[in-house]
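*Asks:* Sharing a model prediction with you, sequence too.
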Amino acid sequence: MPSDVSMPVYKIPRSVLVVIHTLDLQVLMMERARQPGLWQSVTGSLDHPDETPREAAIREVFEETGIDARAHHLSDWQIENRYEIFLRWRARYGPGVTMNTEHVFGLALAQCVPVRLAPAEHLAHQWMPWDAAAEKCFSWSNRDAIRLLPARHGARPARRDGHWM
């Protein structure tokens, strides 16, 4: 007999963090709509178990900023952060889920580009120097990722005929 009761849909405890930056290390920061005063880079959970972190990063960047990550240099930094999910957000996850694994990416743009925020997610955005962006973050993992930019900048991608290599 079919049930009219829907099963709850829980968030997957695997997420992405995408640090969007220019080649001169300007970083895009966004203020959270549900927590005014808290600033961050692009973040989000995988939508389904078969979605790869790279696919989630491309999707989240577009949903939150309107930027097509496929048109720029998206790099997997091969960093995974494992952390305890804040108590206030645990109800979104399945029973007993307390930890999240975050995959870190960088999205290098030639220059600052216009941003189209998702109003339900962010109130404002700002491009700022990497060190100021790191100080503005509320998340330790976001701050630490941004602080890696100067070291990673030495190996910035090359361009040939207007395309990323």
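*Replies:* Sure thing, it's come through.
*Asks:* what's downstream of the lengthiest helix in the chain, the next helix or strand?
*Replies:* Looking across the chain with DSSP state H, the single longest helix is helix 53-65. Using DSSP states H and E, the helix or strand that follows helix 53-65 in sequence is strand 73-84.
*Asks:* what inclination does the longest helix of the chain have with respect to strand 73-84?
*Replies:* 100 degrees (axes from the mean of the first three to the mean of the last three Cα atoms, to 10 degrees).
*Asks:* Could you count how many residues lie near residue 19?
*Replies:* Residue 19 has 26 neighbouring residues, counting by other Cβ atoms under 10 Å. In this view, the C-beta of every residue, glycine as well, is placed from N, C-alpha and C.
*Asks:* Check residue 124 too.
*Replies:* Neighbours of residue 124 (other Cβ under 10 Å): 13.
*Asks:* If we ignore the residues flanking it in sequence, what's nearest it?
*Replies:* residue 31 (4.5 Å; Cβ to Cβ, 6 or more residues apart in numbering).
*Asks:* Tell me what angle the helix or strand containing that neighbour forms with helix 53-65.
*Replies:* Using DSSP H and E, residue 31 maps to strand 26-32. Going by the same axes, to 10 degrees, strand 26-32 is angled at 70 degrees with respect to helix 53-65.
*Asks:* picking that back up, quick one: contacts of the longest helix of the chain?
*Replies:* Residues outside helix 53-65 that contact it (Cβ atoms under 8 Å, 6 or more residues apart in numbering): 14-16, 18, 20, 28, 30, 42-47, 51, 67-70, 74, 76, 103, 105, 107, 115-118, 121-122, 125.
*Asks:* List buried residues within those residues.
*Replies:* For these, a burial check counting by 16 or more other Cβ atoms under 10 Å picks out 14-16, 18, 20, 28, 30, 42-46, 67, 69, 74, 103, 105, 107, 115, 117, 121-122, 125.
*Asks:* Check the gap between the residue nearest to residue 124 and residue 92 for me.
*Replies:* Separation of residue 31 from residue 92 (Cβ to Cβ, to the nearest Å): 20 Å.
*Asks:* okay, these two: which has more neighbours?
*Replies:* Each of residue 31 and residue 92 has its neighbours counted (other Cβ under 10 Å); residue 31 has more, 18 against 14.
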